[in-house]
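Trainee: could you work out the structure for the sequence below:
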Amino acid sequence: SRDIFRLKLAVLAGLLLALSPQHIWYSIHILSECPYTLFLVFLIYFLLKAVHKNKLVFSCTAGILLGFSLLTRSILAGFIPFIFLWGLIVYKKKLTALKHFVLLLIFAMLIISPWVIRNYMVLDTFIPFSTDGAEVFIRGNNPGTLHSKTGFCSKYEDKVAEELGEVERQKAYYNFGLNFIKNNPDMFLRNAMDKFIQLWRPFPNTKFPQVKPIYAIIYFISFLPVLILWFIGMLLSFRQLKYTSLIYLLIIYY
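Mentor: Take a look at the predicted model:
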């Protein structure tokens, strides 16, 4: 925030984050979101720093953070091509962009290599990341989601992957989910739009039994200022869009 805007706004952002009830809740639980958010924020920071200072050491650091991010949440792998395209735009020389991107990939691969080797030794096949993405995919794309208040349903997992190993189970989950999308495109789009609205609205999903009305009120009061300031900040940052576009690419990607 300091680098993109100025110090006063960075202090305000820090205070809002420190006093955010949902951030406090995550901080006292052992969840993958906590280290992933840390890695992701610093990954973006050092990618921006590499452009601003044009020093390869920042891209190396970003590569290490990318590796840690991928080990925590493999979904970020799909964002790597966007980083490359962004680099081609922001660096004055294409060769410079290529150097930074290659170093980024090298250091990221060094970080994830022990996990890749482990997977090959244990599963006897090449799996660069975790296989849990397939479980999330099938839970969000099956006939049960059409009747679920939350948009997720897990009752089909055991039926689809009965007596299958980890690798075969992953393939079965993805195939089942893809077939569901293929056969029910209108239902899939409706479900996707519902999830999009749930993600961006300023209060949590009260359809979950653990979300009491008082929780939703506290969340709304604390998150609404953040949402308003985010929108204002987004408009102000358009003045240096080439530099900050990486952040918007990340938002669009997710």
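Trainee: list the buried ones in stretch 146-162?
Mentor: Ser148, Gly151, Phe152, Cys153, Tyr156, Glu157, Ala161 (16 or more other Cβ atoms under 10 Å). Yep, even glycine has a C-beta here, placed from its N, CA and C like the rest.
Trainee: the nearest residue to Ser154 once chain neighbours are set aside is in what secondary structure piece?
Mentor: Among residues not flanking Ser154 along the chain, Arg139 sits closest, at 5.2 Å (Cβ to Cβ, 6 or more residues apart in numbering). In this structure, Arg139 is located in helix 132-140 according to DSSP states H and E.
Trainee: and Ser154, by the same measure?
Mentor: Short version, using DSSP H and E: Ser154 is in no helix or strand.
Trainee: pLDDT wise, what is it at?
Mentor: Predicted confidence (pLDDT) for Ser154: 82.
Trainee: again, but for Tyr248
Mentor: 91.
Trainee: buried sites along the helix or strand where it lies?
Mentor: Assigned by DSSP H and E, Tyr248 belongs to helix 241-253. Under the neighbour-count criterion of 16+ other Cβ under 10 Å, helix 241-253 has Tyr243, Thr244, Ser245, Leu246, Leu250 buried.
Trainee: now distance to Thr37 too, for those residues, in JSON lines please.
Mentor: Listed next are the buried residues of helix 241-253 as JSON lines, based on distance: Cβ to Cβ, whole Å:
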{"residue": "Tyr243", "distance to Thr37": "22"}
{"residue": "Thr244", "distance to Thr37": "19"}
{"residue": "Ser245", "distance to Thr37": "21"}
{"residue": "Leu246", "distance to Thr37": "16"}
{"residue": "Leu250", "distance to Thr37": "12"}
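Trainee: Trp86: which of those is nearest?
Mentor: Taking Cβ to Cβ as the measure, Trp86 lies nearest Leu246 of the buried residues of helix 241-253, at 5.1 Å.
Trainee: so for that closest one, what's the nearest residue that isn't a sequence neighbour?
Mentor: Leu246 sits nearest to Trp86 (Cβ to Cβ, 6+ apart), 5.1 Å away.
Trainee: for that neighbour, give its distance to Met187.
Mentor: Spatial separation of Trp86 from Met187 under the definition Cβ to Cβ, to the nearest Å is 34 Å.
Trainee: repeat for Arg201
Mentor: In terms of Cβ to Cβ, Arg201 sits 21 Å off from Met187.
Trainee: who has more neighbours, the two?
Mentor: Met187 (15 against 12; other Cβ atoms under 10 Å).
Trainee: local confidence estimate at the more buried one?
Mentor: The model's pLDDT for Met187 equals 86.
Trainee: contacts only, for Val136.
Mentor: Residues near Val136 by Cβ atoms under 8 Å, 6 or more residues apart in numbering: none.
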